[in-house]
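Novice: Predicted model and sequence below, questions to follow.
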There are 2 protein chains.
Amino acid sequence: MSKRYEALRQHLRELAALNSALGLLGWDQETMMPPRAAAARADELSLLSRLAHERATAPELGELLSDCEADEALNTDAATAANLREIRHDYDKARKLPTEFVAEFSQTTSHALEAWKAARSDSDFSTFRPWLEKLLGLARRKAEYFGVPEGGELYDALLDEFEPGMTADVVESTFAPLREALVPLIDAIGRKPEPDDGPCKVEVPIETQKAFNREILELIGFDLEAGRLDVSTHPFSSGIAPGDTRITSRYTPAGFAEALSSTMHEAGHGMYEQGLPKSEHWGEPLGESLGLGIHESQSRMWENQVGRSREFWTWLEPRLAAATGDAFAAYDAEALYRAANIVRPNLIRVESDEATYNLHVMLRFDLERAMLRGDLAVADLPGAWDERIENDLGLDVPDAARGCLQDIHWSMGAIGYFPTYTLGTLYSAQFWDAILVDLPDLPERIGRGEFAELLGWLRSRIHQRGRQLPAEALCVELTGRPLDHRPFMDYLKTKLGGIYGLEG
Amino acid sequence: MSKRYEALRQHLRELAALNSALGLLGWDQETMMPPRAAAARADELSLLSRLAHERATAPELGELLSDCEADEALNTDAATAANLREIRHDYDKARKLPTEFVAEFSQTTSHALEAWKAARSDSDFSTFRPWLEKLLGLARRKAEYFGVPEGGELYDALLDEFEPGMTADVVESTFAPLREALVPLIDAIGRKPEPDDGPCKVEVPIETQKAFNREILELIGFDLEAGRLDVSTHPFSSGIAPGDTRITSRYTPAGFAEALSSTMHEAGHGMYEQGLPKSEHWGEPLGESLGLGIHESQSRMWENQVGRSREFWTWLEPRLAAATGDAFAAYDAEALYRAANIVRPNLIRVESDEATYNLHVMLRFDLERAMLRGDLAVADLPGAWDERIENDLGLDVPDAARGCLQDIHWSMGAIGYFPTYTLGTLYSAQFWDAILVDLPDLPERIGRGEFAELLGWLRSRIHQRGRQLPAEALCVELTGRPLDHRPFMDYLKTKLGGIYGLEG
């Protein structure tokens, strides 16, 4: 191995250590930090962001990279060549952002996050509005620094950060047929009687829930020696460092099912992080996750294809009884399964069922794209939001907290992030079909609590590959074709058709 | 205010933000970090230590400082002059250490800490021995970089980091008369019957203890909106940032009194940190604590002068009953007070009573000084330790975990730290006498749970002063004389004399 390549890797490991510190500061901010520490934390995050950006754009990194690119011996190894390709991508992209902009972005989002928390708690959009305007201004500047691709739009430059190579047009042309297929399905379900929602109302003490979620988390394969499960207002996962992947969930006494599905969702993210070859390749693309679409495919798969399957609830039922006494005694596994799959429009995205969830994502994609283009003024966001919720879901939005203030993303400056939720949902269904070809008895295995084969498949086919292949190429390799909404719709129609007794 | 001075302060604030990140990483390492993250954490700490050191020694900091020192207008303000004096002290001291040494020191102590944890858990000194040898080597190099003061020894250079200006000779000449006074007192007590230790054996569920410690913590004045109380194997406090002071305690069902006194102790440290003017002077000496002796005076005062007083237990008794039901019903406040003050040699320093505690400190001071001098080989440490425990406390050391492996300090490279515990103990008694002159009814107030006057006194006379005065000068200002063992011995003889019925 060339000395220059080793020096390049060492530089990236140091950058990774800085990014890990940032990751821990961010995790702590959402889980542990005392309220009065917010201002100092903003300074810390901003400073470390600046230092990390300096290191990510350092001329000596560029020199090491150029030398390695010119070294033919290195490029004969496919993995090393892929590593260099992705290091180049990241370096060139990072070099487009001035360091002062990165520090300003970090400082602003830290304060905006606090402003959003207060605004959401008071359900008062007006106090968040100036921050959202600031954040949109920063997002526009960021997109301009990155540069708009030929024939593209500002949004593309932001989306690319979360889903490399993706464009707003492709998202639009993926979402349109999905919407066309979803709406009639949701309408048809709306005309059928709803399964008994009794299980969704059962109250379980929060401490019992915490212990139960922890137990299930370990049983499905999340390594608690190399991670944690904590509580935060907004569940998230964070791959902080090798051996350190942290996820959160949230609990209310009557929110047993929501907490469990949050835990399953974040566990999917977390097990992806734990499966990446970070020990060997910490800070290198070979040890990093692909875009958020693939990340989300892992979380949505564990949440839905696994966690909302009949077999999962069959396995879960006795465990539930052991943990909660007779709380759920009136319901058998079939009733629990049906309740876990009730389709009912919900004001809150993260509490939505698998069908209406995607309408939430489309709404956010359309509105953030319109705001970025300047077609929608920030002041008009609540009205536009509420109208769309009424049109798409038939619901009245009673307040901004349950409307346009519900999500954390914009307050963190993450504009262009939302589409990845639905892209991930589509990936998960398409991957699941491929998995069932290789592991035809997987549902029965899940019914027995055997998750290792599934995790093993994901490890070898996705996790251990790091960023060797771009997402689209990985999808073609795993499933034989590009991303497509039909596997998801087939999965949904089969499952919900069975539960609701729809015509085939 | 001069622009150069503002630039100097800004530089220091950025250094403080880096040190805060280091503080959080360290806190997390002891409280939250999953076990498999240890190796990556070592890298992170080492890198950030290096970056912090680079910033602490940056030539532009030196230039800013020189300019400010030359600015007469700045130096007419006493606080600003003190700030500059202390910034100079820190800068010159930091410049003596090569950055690579700082990174190596951090990396080594991270690994040594893990090795110590394992060695202690297995009670096997042999696995920690090579690490302690390495750490001593590093400590020697550090002392040599700092430079040994005229007529002094290596140990002085290390001690100065924890207690600026202090020397081993002064420690020795302070400890010698203290020892002479302590030993006969402990002997006299040993010939008297012991108070009923029943309260020390009461078992209280850990969750109940956690809630109770939290309640007391808030009632004495620790601000939980600007701090946290968590659990760690080794209780500690950490002033991470403005608005972010975190302390820990540790709980076992039969260790109610130990947990409470750990919490009181760390609360004393924590309230000092919370009382420093960090919002205005974050990262500047004006916003920083004095040496560890003064820090320890605050922790020992809340632990002992407050937390082991008759009045405190009078106030605590009904709260204890409300929190623990009838667990302590057989004991009145007087019995609880007496049990909290039993003098009984203990193998474990942190579980020791106020009298024998200082013999533990002296032992560690003598042994670490001898190792640093080369008079005691690391291999001979367990033997020397056990012999000394036998001589000083009349106890057999059954294993290394309860012997020379019990403390975390050496594994963190903190050689020269231990004396500050006894120095702080002496300061606390001397300050307490001064406080009682100003607040003669303080004991009665404590009996009513009124801690605000005490905290107010400490805030205005000590906390808000930052590093304006050196510790010795502060002591003279507050008490009219230099540090002296007699106020402590008077306090101890009065209290223990009363409990044990000793001749006056």
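Specialist: Looks like it came in fine. For clarity, every value in this text was computed on a predicted model and none was experimentally measured.
Novice: For chain A, what lies in contact range of chain B?
Specialist: A:13-14, A:17-18, A:20-21, A:24-25, A:28, A:32-41, A:43-44, A:46-48, A:51, A:223-228, A:240-244, A:246, A:282 (C-beta under 8 Å from any C-beta of the partner chain). C-beta coordinates here come from the backbone N, C-alpha and C atoms, glycine included.
Novice: Just the ones in strands from the residues you listed, please.
Specialist: Among these, DSSP state E puts A:227-228, A:240-241, A:244, A:246 in strands.
Novice: Now the buried members of those residues.
Specialist: Neighbour-count burial (16 or more other C-beta atoms under 10 Å in any protein chain shown) is assigned, among these, to A:227-228, A:240-241, A:244, A:246.
Novice: Make TSV out of these and add pLDDT.
Specialist: TSV is the format used below for these (pLDDT from 0 to 100):
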residue	pLDDT
A:227	98
A:228	98
A:240	97
A:241	97
A:244	98
A:246	98
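Novice: Is it possible to mark the buried ones in the residues of chain A next to chain B?
Specialist: A:13-14, A:17-18, A:20-21, A:24-25, A:28, A:32-34, A:36-41, A:43-44, A:46-48, A:51, A:223, A:226-228, A:240-244, A:246, A:282.
Novice: shaky segments in chain A?
Specialist: Counting by pLDDT under 70, chain A contains low-confidence residues at A:1, A:504.
Novice: try 80 this time
Specialist: A:1, A:503-504 (pLDDT under 80).
Novice: Show me how it divides into domains.
Specialist: Using automatic domain parsing, the domains assigned to chain A come out as A:3-96, A:168-500.
Novice: Redo those domains as a markdown table? Include distance to residue B:262.
Specialist: Formatted as a markdown table, the domains of chain A follow (distance: least, C-beta to C-beta, whole Å):
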| stretch | distance to residue B:262 |
| --- | --- |
| domain A:3-96 | 20 |
| domain A:168-500 | 24 |
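Novice: Now do residue A:86: how many residues are near it, please.
Specialist: 20 (other C-beta atoms under 10 Å in any protein chain shown).
Novice: which residues does residue A:140 contact?
Specialist: A:154, A:372 (C-beta atoms under 8 Å, 6 or more residues apart in numbering or on different chains).
Novice: what about the helix or strand where it lies, distance to the chain center?
Specialist: Per DSSP states H and E, residue A:140 falls inside helix A:125-146. Helix A:125-146 sits 22 Å away from the centroid of its parent chain (C-alpha atoms, centre = their mean, to the nearest Å).
Novice: and it, which residues are buried?
Specialist: Quick answer for helix A:125-146 (16+ other C-beta under 10 Å): A:125, A:128-129, A:131-132, A:134-136, A:138-140, A:142-143, A:146.
Novice: and what of stretch A:83-103?
Specialist: Buried, per 16+ other C-beta under 10 Å, within stretch A:83-103: A:83-84, A:86-91, A:93-95, A:97, A:99, A:101-103.
Novice: nearest to residue B:165, of those?
Specialist: Each of the buried residues of stretch A:83-103 was scored against residue B:165 by C-beta to C-beta, and residue A:103 proved nearest at 38.3 Å.
Novice: Next, work out how far apart the closest residue in space to residue A:4 that isn't next to it in sequence and residue A:78 are.
Specialist: Nearest non-adjacent residue to residue A:4, counting by C-beta to C-beta, 6 or more residues apart in numbering or on different chains: residue A:67, 4.6 Å away. Remark: distance between residue A:67 and residue A:78 (C-beta to C-beta, to the nearest Å) = 20 Å.
Novice: now do residue A:213
Specialist: Distance from residue A:213 to residue A:78, by C-beta to C-beta: 40 Å.
Novice: Those two: who's more crowded?
Specialist: Taking other C-beta under 10 Å, residue A:213 and residue A:78 do not tie; residue A:213 has more neighbours (23 against 9).
Novice: re earlier: so which of the buried residues of stretch A:83-103 are in helices?
Specialist: Counting by DSSP state H, the part of the buried residues of stretch A:83-103 found in helices is A:83-84, A:86-91, A:93-95, A:99, A:101-103.
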